[in-house]
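Visitor: Take a look and give me a structure for this.
(one chain, ligands or ions: 1)
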Amino acid sequence: MHEITLTNISYAYGEQTVLEDINFTAAAGEFICLLGPSGCGKSTLLRLLAGLARPTTGTLTLDGKPINGPGLDRGVVFQDYSLFPWMTAGQNVVLALEQAFPGKSRARLRQTAQEYLEMVGLRDVFHKLPGALSGGMRQRAAIARAFAINSPVLLMDEPFGALDAITRARLQDLLLQLWQQNTAERKTVFFVTHDVEEAILLASRVMVMGLNPGSVRGVFPVDIPRPRRRQALYTDPAFLTLRDRLIRELHADVLDELDEGRTVRTAGEGI
Ligand SMILES: Nc1ncnc2c1ncn2[C@@H]1O[C@H](COP(=O)(O)OP(=O)(O)OP(=O)(O)O)[C@@H](O)[C@H]1O
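Guide: This is a model prediction of the structure:
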């Protein structure tokens, strides 16, 4: 069981309410993708789930127990890489493994760290500091760390956003492989993305959030059998219908405006 329940969740940064009255339950083993316009509070929601912030009102529970802080039951990958900059990529992964698997030999943990780094396509970075890696490589090291601890819950905030298309596709497949590996003990995943196609490829359900303040606009099941092969998926009528529906839901407020082709006022007008 790794069920996550959000009940009447609201969150404010000072005077600014960014999340309002969110109610949602992710069943154990569900893969939930969060879509929504920039600033609607997706990252904030993930921070609450990670226990890095507490809701202003409402409760969050994991298997019925309140989430009061970070824990090894939840692996996180955030946009800002979140590696310790004074430790090598390998040490970053080993540190997380030491916490997750106390008592295991250091040699074993180093080997596991190297295996996970290789899994995300990083063969030769074990001894490199994050500052010596590209943004995409740092992100992959953070993903390796989250995968390595093998937590029952994964919280990922645009984890593949900074990666090239091929690496991104490989890591999507790896994530699905890790998620599906043991169907009896599937991880519960919350995954933020701006990419509607990525959401449909990955998710069991897609939660669309709206702005002002952030709230749930709708939750859409993805009833497309797995494995979802990209080539076939992109021509599947179920995929095309859902993609259209999600795009409409996401951009309901602005699509008409864009279709009318209104131009944006520029600072130089009238000079
Ligand atoms: N530390 C902070 N202090 C004050 N306001 C913040 C802070 N972090 C985020 N906000 C505000 O909260 C709102 C939601 O931000 P959040 O990062 O959760 O949105 P998001 O949906 O993840 O956006 P994006 O898709 O652009 O990453 C925004 O208006 C943002 O300016």
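
Visitor: CA atoms for contacts and neighbours, from now on please.
Guide: Will do.

Visitor: thought residue 203 was touching residue 35?
Guide: No - counting by C-alpha atoms under 8 Å, residue 203 stays clear of residue 35, with 11.1 Å between them.

Visitor: how about the nearest residue to residue 24 once chain neighbours are set aside, secondary structure?
Guide: Distances taken as C-alpha to C-alpha, 6 or more residues apart in numbering put residue 6 closest to residue 24, at 5.1 Å, once the chain neighbours are dropped. Following DSSP: H, G, I helix; E, B strand; the rest coil, the label given to residue 6 is strand.

Visitor: What is the burial count for the closest residue to the ligand within the stretch 151-271 of the chain?
Guide: Per C-alpha to the nearest ligand atom, the residue of the stretch 151-271 of the chain with the smallest distance to the ligand is residue 194, at 7.0 Å. Residue 194 has 15 neighbouring residues, counting by other C-alpha atoms under 10 Å.

Visitor: Likewise for residue 231?
Guide: 8.

Visitor: any idea which element it lies in?
Guide: Using DSSP states H and E, residue 231 sits within helix 230-233.

Visitor: What helices and strands are in contact with that helix?
Guide: Packing partners of helix 230-233 (3 or more C-alpha pairs under 8 Å, 6 or more residues apart in numbering; DSSP states H and E): none among the helices and strands.

Visitor: Over it, what's the mean pLDDT, rounded is fine.
Guide: Computed over helix 230-233, the mean pLDDT rounds to 93.

Visitor: try stretch 243-250
Guide: pLDDT averaged over stretch 243-250 gives 94.

Visitor: Also stretch 9-23?
Guide: 95.

Visitor: end-to-end on that stretch?
Guide: 7 Å (C-alpha to C-alpha, to the nearest Å).

Visitor: Kindly report the same for stretch 183-199.
Guide: 20 Å.

Visitor: swap in stretch 188-199?
Guide: Span of stretch 188-199 from end to end, C-alpha to C-alpha: 15 Å.

Visitor: What residues of it count as buried?
Guide: 188-193, 196-199 (16 or more other C-alpha atoms under 10 Å).

Visitor: residue contacts, the residue nearest to residue 24?
Guide: 22-25, 58-61 (C-alpha atoms under 8 Å, 6 or more residues apart in numbering).

Visitor: Can you tell me who it pairs with across the strands?
Guide: residue 24, residue 60 (DSSP bridges).

Visitor: how far away is residue 238 from residue 173?
Guide: From residue 238 across to residue 173, the span is 21 Å (C-alpha to C-alpha).

Visitor: Between these two, which has more neighbouring residues?
Guide: Just comparing residue 238 and residue 173: by other C-alpha under 10 Å the higher neighbour count belongs to residue 173, 17 against 13.

Visitor: Within the helices and strands, which one has that one?
Guide: Using DSSP H and E, residue 173 falls in helix 165-180.

Visitor: packing partners for that helix?
Guide: Using 3+ C-alpha pairs under 8 Å, 6+ apart, helix 165-180 sits against no helix or strand.

Visitor: Please compute how far that helix lies from its chain's middle.
Guide: Distance, stretch centre to chain centre, for helix 165-180: 13 Å (C-alpha atoms, centre = their mean, to the nearest Å).

Visitor: Same question for stretch 148-157.
Guide: Centroid separation for stretch 148-157 versus its chain: 10 Å, with C-alpha atoms, centre = their mean.

Visitor: ditto for stretch 104-116
Guide: Relative to the chain's own centre, stretch 104-116 is displaced by 25 Å; criterion: C-alpha atoms, centre = their mean.

Visitor: Mind listing what's buried along that stretch?
Guide: 109-110, 112-116.
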